[in-house]
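A.B. asks: Coordinates for the following, if possible.
(one chain, ligands or ions: 1)
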Amino acid sequence: MRCHYCVSGEMRPGTTAITLQRESTSVTFHHVPALVCDACGEATVDAKTSQKLFDLADEMVSTGVPGLTAEVSGMCDIAA
Ligand SMILES: [Zn+2]
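C.D. replies: Numbers count the residues shown, from 1 in each chain. A predicted model of the protein is given here:
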């Protein structure tokens, strides 16, 4: 798949980091499965995965993660 951003690169399976802002809390997910451009580094996360991240961020905020940056790793199974 061609990169839609730089057009010269190729999108390949990889991982990226995504930060979501929820009220006063920002939640950063690492190792999110994504297609990553081998030329410019542009990352694309599919709709299902990003919905899951939004749900997780909401859940973390509602269960009382303090107003700090919460870092989550090992999310590689999220697309399963
Ligand atoms: Zn690109």
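
A.B. asks: in the helix or strand residue 34 falls within, what counts as buried?
C.D. replies: When elements are assigned from DSSP states H and E, residue 34 belongs to strand 25-37. The neighbour-count check on strand 25-37 (16 or more other C-beta atoms under 10 Å) flags 25-27, 29, 31-37 as buried. To be clear about C-beta, it is placed using only N, CA and C from the backbone, and glycine gets the same treatment.

A.B. asks: Likewise for stretch 11-18?
C.D. replies: 11, 16, 18.

A.B. asks: Show the pLDDT at residue 67.
C.D. replies: We have a pLDDT of 47 for residue 67.

A.B. asks: Can you tell me the element residue 12 falls in?
C.D. replies: Here residue 12 is assigned to strand 11-22, by DSSP H and E.

A.B. asks: in its sheet, what does that strand sit against?
C.D. replies: Strand pairing for strand 11-22, using DSSP bridges, gives strand 25-37 (antiparallel).

A.B. asks: what about stretch 26-39, distance to the chain center?
C.D. replies: 5 Å (C-alpha atoms, centre = their mean, to the nearest Å).

A.B. asks: Would it count as contacting the ion?
C.D. replies: Yes: with C-beta under 5 Å from the ion as the measure, stretch 26-39 is seen reaching the ion through 37, 39.

A.B. asks: Just the CA trace of that stretch, in CSV.
C.D. replies: Once non-C-alpha atoms are left out, stretch 26-39 reads as follows in CSV (Å, rounded to 0.1, in the frame of the first residue of the first chain):
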residue,chain,number,x,y,z
SER,A,26,-3.4,12.6,28.5
VAL,A,27,-3.1,8.9,27.9
THR,A,28,-0.2,7.7,25.7
PHE,A,29,-0.4,4.2,24.2
HIS,A,30,2.9,2.7,23.0
HIS,A,31,3.4,-0.2,20.5
VAL,A,32,0.0,0.4,18.9
PRO,A,33,-0.2,-1.8,15.8
ALA,A,34,-0.2,0.5,12.7
LEU,A,35,0.8,0.7,9.1
VAL,A,36,4.0,2.9,9.0
CYS,A,37,5.4,4.5,6.0
ASP,A,38,9.0,3.4,5.3
ALA,A,39,9.9,6.8,3.8
